[in-house]
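K.L.:
mind folding the following:
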Amino acid sequence: MEFNRKKEADGRRRLSPLLWLASLGAIGVMVLGITGTLSQYVASITNSENHVETGGADTFGFSESNVIGGVPVDPACAEAGAGQALTCSTVNKNGQTGASATPIAPGQSRTTTVRLENTASPGGLSGTLTLTPEPCTQVLAADPVGPPIVGDLCDTVTITITCGGPVPFDLTTRTLTDFYENPTGTPAGLPYVIATAAPPGSFTDCTFTTSMPASASDPSLQGITTSQPMTWTFTQV
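P.N.:
Numbers count the residues shown, from 1 in each chain. Okay, the predicted model is just below:
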């Protein structure tokens with residue numbers, strides 16, 4: 001009886017390592033099976049053509065042309081593309097048809113019309129057009145004491161601006177000083193909005209009328225030349 005129990009115990013000891021080996025083998029097969037199964041569900045798609053592109057020079061810009069007899073002068077006085085800041089020195093907005101200043105007498109006026117055009121190519125960008133005047137200065141400088149007494153021509157001569165377009169712009173008559181200082185409530189030096197969201201190919205004609213009041217016959221206003229640069233700005237919208 002004792003011999004049989006010993007024999008059974010020996011048999012169990014001999015079987016235990018085999019059972020462990022078999023268990024480990026089964027676990028290994030199971031892990032390999034799981035790994036193989038997961039790898040079958042891995043999939044990928046790569047987007048290789050991802051780019052950012054900006055418009056070229058022809059997609060945004062504007063020009064200013066002098067208009068004589070209802071026809072814009074070709075070529076334009078200046079044509080500015082994106083990022084450019086140009087100067088147009090051949091159009092005098094206080095002169096007659098944009099010409100250089102000539103002596104103006106009390107009761108006389110000078111009229112100049114310019115065309116502002118969105119020169120972007122079809123499908124290009126729209127923009128908002130503004131006009132910013134600088135302070136009016138004069139030579140000889142105003143001197144109310146003298147001698148000699150020099151009058152304030154900037155505060156005497158007046159300007160009126162009328163612009164066409166989908167939303168017309170009109171600047172009521174005011175002196176060149178008030179043109180910059182804007183006594184209507186808007187702080188001095190801020191731009192006047194001429195046109196908003198102007199699309200490619202559209203244009204706005206603006207007429208500047210500069211007048212010397214008939215009452216301005218004071219000799220102290222003679223022999224004076226004013227200067228007031230104005231800047232057009234076209235901003236993408």
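K.L.:
roughly how far does I159 sit from G151?
P.N.:
I159 is 17 Å from G151, where distance means Cβ to Cβ, to the nearest Å. Any C-beta I mention is one placed from the backbone N, CA and C, and that applies to glycine too.
K.L.:
out of the two, which sits in the busier spot?
P.N.:
Using other Cβ atoms under 10 Å, the more surrounded residue of I159 and G151 is I159, with 23 against 19.
K.L.:
which residues of the protein score low on pLDDT?
P.N.:
Scanning the chain for pLDDT under 70 picks out the ranges 1-39, 185-186.
K.L.:
residue boundaries of the strands in it?
P.N.:
Counting by DSSP state E, the chain has strands at residues 61-68, 71-72, 78-81, 109-118, 127-133, 137-139, 158-163, 169-175, 192-198, 203-211, 225-227, 230-236.
K.L.:
take those strands and lay them out in a markdown table including distance to G95.
P.N.:
Below are the strands of the chain laid out as a markdown table (distance: least, Cβ to Cβ, whole Å):
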| stretch | distance to G95 |
| --- | --- |
| strand 61-68 | 10 |
| strand 71-72 | 17 |
| strand 78-81 | 17 |
| strand 109-118 | 5 |
| strand 127-133 | 16 |
| strand 137-139 | 16 |
| strand 158-163 | 12 |
| strand 169-175 | 18 |
| strand 192-198 | 20 |
| strand 203-211 | 8 |
| strand 225-227 | 11 |
| strand 230-236 | 13 |
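K.L.:
and of those, who's closest to T54?
P.N.:
Nearest to T54, of all those, is strand 230-236, at 11.4 Å by Cβ to Cβ.
K.L.:
strand 109-118 and the closest one, what's the angle between them?
P.N.:
If you take axes from the mean of the first three to the mean of the last three Cα atoms, to 10 degrees, strand 230-236 sits at 20 degrees to strand 109-118.
K.L.:
which helices and strands does strand 230-236 pack with?
P.N.:
strand 61-68, strand 109-118, strand 127-133 (3 or more Cβ pairs under 8 Å, 6 or more residues apart in numbering; DSSP states H and E).
K.L.:
right, and these - which one's nearest Y41?
P.N.:
That would be strand 127-133 among the helices and strands packed on strand 230-236, by Cβ to Cβ, at 53.2 Å.
K.L.:
quick one: contacts of that closest one?
P.N.:
Applying Cβ atoms under 8 Å, 6 or more residues apart in numbering, the contact partners of strand 127-133 are 60, 62, 116, 118, 161, 179-180, 189-198, 204, 206, 228-237.
K.L.:
go on, stretch 154-164?
P.N.:
For stretch 154-164, contacts defined as Cβ under 8 Å, 6+ apart pick out 94, 104, 131, 136-138, 142, 168-177, 179, 192, 194-195, 204-213, 216, 221, 226, 228.
K.L.:
what's the domain layout of this protein?
P.N.:
1-48, 61-236 (automatic domain parsing).
K.L.:
single out the most deeply packed of those domains.
P.N.:
domain 61-236 (a mean of 16; mean count of other Cβ atoms under 10 Å).
K.L.:
that'll do, ta.
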